[in-house]
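Engineer: sequence unknown, structure follows:
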DNA sequence: TGACGAAAAGAAAATAATTTACGCCACATC
DNA sequence: GATGTGGCGTAAATTATTTTCTTTTCGTCA
């Protein structure tokens, strides 16, 4: 942050208009680097001449040089705004920063919370499962879908259900050779809990993916995986939590493939090529 | 290295002079970002017009925009762990680190590539849309689903289709008051391209969400949103790209809600409470 | 109190940079 | 060999930036 720091240090020594400009730059550097000198001058209440002089006074070759270097500096570390809920009329740039920060935070927190032992147990269970059932509702249903997509790519006998009746119907036919995965961020989704309970009763290995804490769903699972839990923020919805859950799914899947590389990778590559072959643009172009 | 990657990928498709330019950029990007368009044209053996056209063909606003984003990209410290593919028998801890790094990188790269103008245009289009159609196949279909979940929460007349026949059927009935969103990481999914083309023909506003570069899908959209593009890595699948796409969806949605706070937030809160009321554990516990 | 000078800052002119319109040329097609 | 198409450069138009010149403001000193 050397450029912005240098500006901040000099703030008191600057002429009034330059100071206004400097303050604008410190406040909204991201926007500033996208502007022309005229836009910047107008928005900061000065003139193009002042901006130009300002850049030279800081020993940049010219305005463009200044803009480039500032852009490079800003790219170094993304702004850290914390777990914000949606509020009215935020500048778009701030929304972008806030969401990015939320998501990054969510992923790193989740990584930190991961229990390698549980992860290994989950991978082992998935690997030796005869059949894999996935349960989830709403957004967590989508996570389950995603996991499903991945599992069938490596030829696993997986199923995914978001219909409560089907969930139970399927769970009822599981055996002790099977695995059921219940996904629910809150860990309190009744349908998912019931499906996992039912699976457990049939002797299946139950894996839960919930937010960190002692949630009901985790209570019914023998293998528990957790994602970071941020304060709710009903407006924000489940954006960050969904990222975290996908993150866990990705790690599970990658761990699974990596540990049984020779078995799964050929299937993975085959599915990749087949999808290309049968859906790719090159062979079927419509004129 | 999204921008340079995108250039590298397109290298074979470029016209001779553009190609020379591209090769120069790939070889000496650091120098390139310090030059004016004339210098760059001369040193790469082309003309200013060619450079300008080149930048636009990659969907940058103009040469300056290109230079700024490239400078920002070059300023990024090389990540400790780079976009890794799945390999055999890695220690689990390393897998976790690698995936986390991949995902973080994917999000920050995508954020850096976001074009606020396009984003604003997309938000405005979505807001005033009479009807919103979402198209996607495979994993991108899931992203479309996710967006759909969000849009119906705020009472938008949205639909999501992954069946190609339904996509076209629905697209055919769009009007110039409607919006169609095509999602495809590769930007080359034929079904999605056709659906978006059809929508465009009906006069609907077309929004694309693809990896960065000049992809076919983006070519058929009037509003183009991009995610970071990493080298393929077929085993890794589309984990990081999916994160990036969701990231864009989240930003779109949050921006939409934030800009029209009074209209959307009550609906959002209502949907939140209703889901709680009708599916929550507290009222329906099974003993 | 008024005159002078220094410095700040804008207007406008000058310059530089970038985009666009236009047209030429090469190559392909019939 | 005529005609069309598309790549590409030149130059004109546009836009952006810098510099010069002028006005204004404020402080100092007679």
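Structural biologist: Perfect, I can see it now. Bear in mind that the values here come from a model prediction, so they are computed numbers and not experimental data.
Engineer: Give me the distance between residue A:148 and residue A:139.
Structural biologist: 15 Å (C-beta to C-beta, to the nearest Å). (Each C-beta comes from the backbone N, C-alpha and C, glycine too.)
Engineer: residue boundaries of the strands in the stretch 51-200 of chain A?
Structural biologist: A:132-136, A:158-161, A:179-183 (DSSP state E, counting those that start in this stretch).
Engineer: With distance to residue B:185 and mean neighbour count as extra columns, can I get the ones you listed in a markdown table?
Structural biologist: Output for those, formatted as a markdown table (distance: least, C-beta to C-beta, whole Å; neighbours: other C-beta atoms under 10 Å in any protein chain shown):
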| stretch | distance to residue B:185 | mean neighbour count |
| --- | --- | --- |
| strand A:132-136 | 23 | 29 |
| strand A:158-161 | 21 | 22 |
| strand A:179-183 | 23 | 30 |
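Engineer: any chance of the ones you listed in JSON lines, with mean pLDDT and distance to DNA strand C too?
Structural biologist: Converted to JSON lines, those look like this (pLDDT from 0 to 100; distance: least, C-beta to the nearest atom of the strand, whole Å):
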{"stretch": "strand A:132-136", "mean pLDDT": "97", "distance to DNA strand C": "47"}
{"stretch": "strand A:158-161", "mean pLDDT": "96", "distance to DNA strand C": "48"}
{"stretch": "strand A:179-183", "mean pLDDT": "97", "distance to DNA strand C": "47"}
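Engineer: which parts of stretch A:262-269 are buried?
Structural biologist: By 16 or more other C-beta atoms under 10 Å in any protein chain shown, the buried positions in stretch A:262-269 come out as A:264, A:265, A:268.
Engineer: Show the contacting residues for the residue nearest to residue A:29 when sequence neighbours are not counted.
Structural biologist: Closest residue in space to residue A:29, ignoring its immediate chain neighbours: residue A:74 at 5.7 Å, by C-beta to C-beta, 6 or more residues apart in numbering or on different chains. Counting by C-beta atoms under 8 Å, 6 or more residues apart in numbering or on different chains, residue A:74 makes contact with A:29, A:30, A:33, B:72.
Engineer: how does it look with 10 Å?
Structural biologist: Applying C-beta atoms under 10 Å, 6 or more residues apart in numbering or on different chains, we find residue A:74 in contact with A:1, A:3, A:4, A:29, A:30, A:32, A:33, B:72, B:75, B:112.
Engineer: Just to be sure, the fifth one is in a strand?
Structural biologist: No. When the secondary structure is assigned by DSSP: H, G, I helix; E, B strand; the rest coil, residue A:30 falls in helix instead of a strand.
Engineer: mind listing what it touches?
Structural biologist: By C-beta under 10 Å, 6+ apart, the residues touching residue A:30 are A:70, A:71, A:74, A:78, A:79, A:91, A:93, A:94, A:96, A:97, B:116.
Engineer: give me that answer again for 6 Å
Structural biologist: Shown in contact with residue A:30 (C-beta atoms under 6 Å, 6 or more residues apart in numbering or on different chains): residue A:93.
Engineer: Next one: the residue in the stretch 51-200 of chain A positioned nearest to DNA strand D from DNA strand C, what distance?
Structural biologist: Residue of the stretch 51-200 of chain A nearest DNA strand D, by C-beta to the nearest atom of the strand: residue A:62 (2.4 Å). According to C-beta to the nearest atom of the strand, to the nearest Å, residue A:62 stands 8 Å off from DNA strand C.
Engineer: cool, residue A:14 as well?
Structural biologist: Remark: distance between residue A:14 and DNA strand C (C-beta to the nearest atom of the strand) = 8 Å.
Engineer: so what's that residue scoring on pLDDT?
Structural biologist: In this prediction, residue A:14 carries a pLDDT score of 80.
Engineer: For it, the count of nearby residues, please.
Structural biologist: As a burial measure, residue A:14 scores 16 neighbours (other C-beta atoms under 10 Å in any protein chain shown).
Engineer: Low-confidence bits of the stretch 51-200 of chain A, can you list those?
Structural biologist: In the predicted model of the stretch 51-200 of chain A, residues A:77-84, A:86 satisfy pLDDT under 70.
Engineer: and with 80 instead?
Structural biologist: Applying pLDDT under 80 to the stretch 51-200 of chain A flags residues A:76-90.
Engineer: Which pLDDT value does the model give the residue nearest the centre of chain A?
Structural biologist: Geometric centre of chain A, nearest residue: residue A:243, 3.2 Å, by C-alpha atoms, centre = their mean. Per-residue confidence (pLDDT) for residue A:243: 93.
Engineer: before we move on, the earlier item: can you redo the buried residues of stretch A:262-269 as JSON lines with distance to DNA strand D?
Structural biologist: Shown next, in JSON lines, are the buried residues of stretch A:262-269 (distance: C-beta to the nearest atom of the strand, whole Å):
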{"residue": "A:264", "distance to DNA strand D": "43"}
{"residue": "A:265", "distance to DNA strand D": "40"}
{"residue": "A:268", "distance to DNA strand D": "37"}
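Engineer: Residue A:265 and residue A:158, how far apart?
Structural biologist: Residue A:265 is 18 Å from residue A:158, by C-beta to C-beta.
Engineer: Quickly list the domain ranges of chain A.
Structural biologist: Chain A resolves into domains spanning A:2-76, A:103-279 when parsed by automatic domain parsing.
Engineer: now do the same end-to-end measure for the shortest one.
Structural biologist: Read it as domain A:2-76. Criterion C-alpha to C-alpha, to the nearest Å; first-to-last residue distance in domain A:2-76 is 11 Å.
Engineer: how far does it sit from the chain's center?
Structural biologist: Domain A:2-76 sits 33 Å away from the centroid of its parent chain (C-alpha atoms, centre = their mean, to the nearest Å).
Engineer: So which residues on the stretch 1-150 of chain A come close to DNA strand D?
Structural biologist: Counting by C-beta under 7 Å from any atom of the strand, the stretch 1-150 of chain A comes close to DNA strand D at A:36-38, A:48-49, A:51-53, A:55-56, A:62-64, A:67.
Engineer: Of the residues you listed, just the buried ones, ChimeraX syntax please.
Structural biologist: Restricted to buried positions by 16+ other C-beta under 10 Å, the ChimeraX selection for these reads:
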select /A:37,51,53,55,63,64,67
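Engineer: In helices, which of the residues of the stretch 1-150 of chain A next to DNA strand D appear?
Structural biologist: Counted as lying in helices by DSSP state H, out of those, are A:37, A:38, A:48, A:49, A:51, A:52, A:53, A:55, A:56, A:63, A:64, A:67.
Engineer: which stretches of the stretch 151-287 of chain A form helices?
Structural biologist: A:164-171, A:190-201, A:216-219, A:239-259, A:261-279 (DSSP state H, counting those that start in this stretch).
Engineer: so which of those helices comes closest to chain B?
Structural biologist: Minimum separation from chain B across the helices of the stretch 151-287 of chain A (C-beta to the nearest C-beta) falls at helix A:261-279, 3.7 Å.
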